[in-house]
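no sequence on this one, just coordinates:
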């Protein structure tokens, strides 16, 4: 179809382009009027579907969340203005803070090893190797496995009595671990689910960025006698900084809104274990809003989740900015 | 021509190999193979258990090879009435296809406008999209979204899980970038000179040029939406679930029957696996291309 436009144009090639445009405009007044309308208004029509959706499913829910969070608003009753009561209640709500600690703990436990492993993996994938596509697809396959599937399979692998992980641990003389029962063990189990699914994805993203780094840099460095390890620290890592910031950003949002893995780790319940040892903030929102029907309070927690994400993004940004910054 | 170039290239490679920083050592290869093994094992394990009997699934030592009970297990999953598995699969296909097609359409329209048209407020509006990409609206706005669905009488219906996910800032952002790179200004100008309207340009110039980008976006949206769990779990009923909700129900109600649960899980992964096998090259390519631009 685009070809059609081209041939049309070359067909009128003898006439100077500017003149031909002028001639056309002069001869067709009606077309010019619709043309102006078209130029002025159509762009807005083109973006209107997105912004319509944005108003209904973006701005409205967020604004309404703020409003609801200021109400005492339960299932049966009407909303009743409560000011900052919900927020004050939240500050001394041990369960909420427990959820925050769990969320941040699992986030750190999963993200730090994940991004480091992804970097190493990308570095390996960046070598000249036979069957490149095979390896790239291989590390990416966890990504297409749905979160629910990952959680189901890993929960079984971590099973106390029949799980393969305990079976392997038995072989080296470690007794069966009830992974759900303790904070450390449940966090670790959930973190491995997250890592398994996302490490390959991050590696592919890093790989893409690595391939934009000029090979001559590395060649010059090796002629100067820099070891591959040194090249990794002195060239690869600093050049990758924007990409690392991007992945940290994505992982922060994903990690702090963690939901499916911990829910399915405990048969689909929102409590996160007998003492809430792995209840995340997202689970706490659902528990408050849709199990206890405290809408107002759930909305308050939702806003705090947003604040948590903001803080997380800012801290991570500050930390990652220092990568490779020492050499400047 | 190419053969000469290739031969020369090969000769060069051989000469450079000794001081080549990109040579893969045996250790690198071993590490990569190990990574692949770890990546594939849980999926393999899923198939092993899905093809075993319920009692074999909890054997010690665990079974390491697939058995012959897959067909039987699939029949059992479909026959488990309270899980509504077939409904779940069908619903997921309907929801995900609708969301994918709509998001691609909305994104190409807006991407065209942002990349190749001039209008007042363009930068501001594009900026607002970037900003909202950082907000996890579906989690944060879950209470009012639910209220909205209650008021519309849409709880338990498919539109409740379709409409909120049509809002996809990433799609618009991606198609804006793709259009900028794939469609030269001159092409749009030439069509204008020929008197084409904006919609005609969209149809005849933009769409053919951005088709590869559309495919990558479609694949990503499909995968993301197929996996959606939190919102369907809340707004749908167990009688009319998506496949992910259906599996959550299976795990909750048939806790010990791993052969059954894993078969359902494997079936839910199957559509994505097919997409991945068919379009793997494009998925990797699309991810890598997107990463460099981000």
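Cool, got the structure. The structure displayed is predicted, hence computed values, not measured ones.

okay but residue A:200 is in contact with residue A:137, surely?
No. Between residue A:200 and residue A:137 there is no contact under CB atoms under 8 Å: 9.4 Å. Placement of C-beta: from N, CA and C, glycine included.

So which of the two has more stuff around it?
The neighbour count for residue A:200 versus residue A:137, taken as other CB atoms under 10 Å in any protein chain shown, is higher for residue A:200 (27 against 21).

any idea whether the more buried one is helix, strand or coil?
helix (DSSP: H, G, I helix; E, B strand; the rest coil).

what helix or strand is residue B:186 on?
Residue B:186 is part of helix B:185-193 when elements are defined by DSSP states H and E.

How many residues are close by the closest residue to chain B within the stretch 151-300 of chain A?
Closest contact between the stretch 151-300 of chain A and chain B, by CB to the nearest CB, is at residue A:208 (3.6 Å). Residues near residue A:208, counting by other CB under 10 Å, number 22.

so where do the helices sit in the stretch 151-294 of chain B?
Assigned by DSSP state H, counting those that start in this stretch, the helices in the stretch 151-294 of chain B fall at B:158-162, B:169-182, B:185-193, B:198-201, B:207-226, B:230-235, B:243-253, B:258-293.

can you pull the buried residues of the second one?
In other words, helix B:169-182. Residues of helix B:169-182 classed as buried: B:169, B:170, B:171, B:172, B:173, B:174, B:175, B:176, B:177, B:178, B:179, B:182 (neighbour count, 16 or more other CB atoms under 10 Å in any protein chain shown).

what's the answer for the shortest one, then?
Residues of helix B:198-201 classed as buried by neighbour count (16+ other CB under 10 Å): B:198, B:200, B:201.

if we can go back for a sec, relative orientation of the helix holding residue B:186 and helix B:207-226 in degrees?
110 degrees (axes from the mean of the first three to the mean of the last three CA atoms, to 10 degrees).

tell me the contacts of the residue nearest to the spatial centre of chain B?
With distances taken as CA atoms, centre = their mean, the residue of chain B nearest its centroid is residue B:223 (2.0 Å). By CB atoms under 8 Å, 6 or more residues apart in numbering or on different chains, the residues touching residue B:223 are A:143, A:144, B:272, B:275.

give me that answer again for 7 Å
Residues near residue B:223 by CB atoms under 7 Å, 6 or more residues apart in numbering or on different chains: A:144, B:272.

now do residue B:61
Shown in contact with residue B:61 (CB under 7 Å, 6+ apart): residue A:167.

for it, helix, strand, or coil?
Of the three states, residue B:61 takes coil under three-state DSSP.

Can you name the helix or strand that the closest residue to chain B within the stretch 1-150 of chain A falls in?
Relative to chain B, the nearest point of the stretch 1-150 of chain A is residue A:61 (2.6 Å; CB to the nearest CB). Per DSSP H and E: residue A:61 is located in helix A:60-69.

average pLDDT for that helix?
Mean pLDDT, computed over helix A:60-69, is 82.

Determine how far it lies from the middle of the whole chain.
Distance of helix A:60-69 from its chain centroid, counting by CA atoms, centre = their mean, to the nearest Å, is 23 Å.

hmm, whichever helix or strand comes after it touching chain B?
As assigned by DSSP H and E, the chain's next helix or strand after helix A:60-69 is strand A:71-72. No. Strand A:71-72 does not reach chain B (CB under 7 Å from any CB of the partner chain); its nearest approach is 10.7 Å.

This completes my enquiry, with thanks.
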